[in-house]
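Trainee: sequence first, predicted coordinates after that:
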Amino acid sequence: MRLTNLFVGLIMTIVFAPLGSEVVGQKRSTIPTGTAAVQQPIYNEYRGVRIGMPAEEVRAKLGEPASKADDQDYYIISESEAAQIVYDAQLKTKAISVDYMGGVGAPEPKTVVGGELEVSQRGLYKLVRYENLGYWVSYNRMAGPVVIVTITIQKAR
């Protein structure tokens, strides 16, 4: 009797497994046939600041910068964290670069650029381009006696 139940279960798995995967595949697919998938960024803001945000909104979120120029602001967030916000001619954010001294407080690479970092002579890095959104995100971990992790979000054009 046990052998019969095992045999029937095996046959049902062989017969119905392809049907089940077809149904699951159809349920998961939310993109119509012939349409390219749009890659969504994992990391797209720093403390609420995003690419394209006006300088006055950035300053409302981050406060008064430690150093201010016409085209950029520099913030000292803590002993181990500093941020530079760069603006275009219309005073809209075109780049966000954050340094974590000693790597303290830096997010994990997979939460910024996904997957593993690549190895170079200077350390570890990865850059992900979001062509459809017009910007890129990078994660750099500098090698050497003083570890510095730099995360950058920058407008591509």
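Mentor: Ah, there it is.
Trainee: so what's the residue count around residue 79?
Mentor: Per other C-beta atoms under 10 Å, the neighbour tally for residue 79 reads 10. Using the backbone N, CA and C atoms, a C-beta is placed for each residue, glycine as well.
Trainee: pLDDT value on the residue nearest to it when sequence neighbours are not counted, please?
Mentor: Excluding its sequence neighbours, the residue lying closest to residue 79 (C-beta to C-beta, 6 or more residues apart in numbering) is residue 101, at 7.4 Å. On pLDDT, residue 101 comes in at 97.
Trainee: hang on, residue 117 packs against residue 127?
Mentor: No. With contact defined as C-beta atoms under 8 Å, residue 117 does not count as touching residue 127 (10.3 Å).
Trainee: could you work out the end-to-end span of stretch 92-108 for me?
Mentor: Separation of the first and last residues of stretch 92-108 by C-alpha to C-alpha, to the nearest Å is 28 Å.
Trainee: all helices for the protein, in order.
Mentor: Applying DSSP state H to the chain gives helices spanning 2-28, 55-62.
Trainee: lowest-confidence stretch among the ones you listed?
Mentor: Among those, helix 2-28 carries the lowest mean pLDDT (a mean of 32).
Trainee: hmm, back to that, which ones are touching the residue nearest to residue 79?
Mentor: 79-82, 146-148 (C-beta atoms under 8 Å, 6 or more residues apart in numbering).
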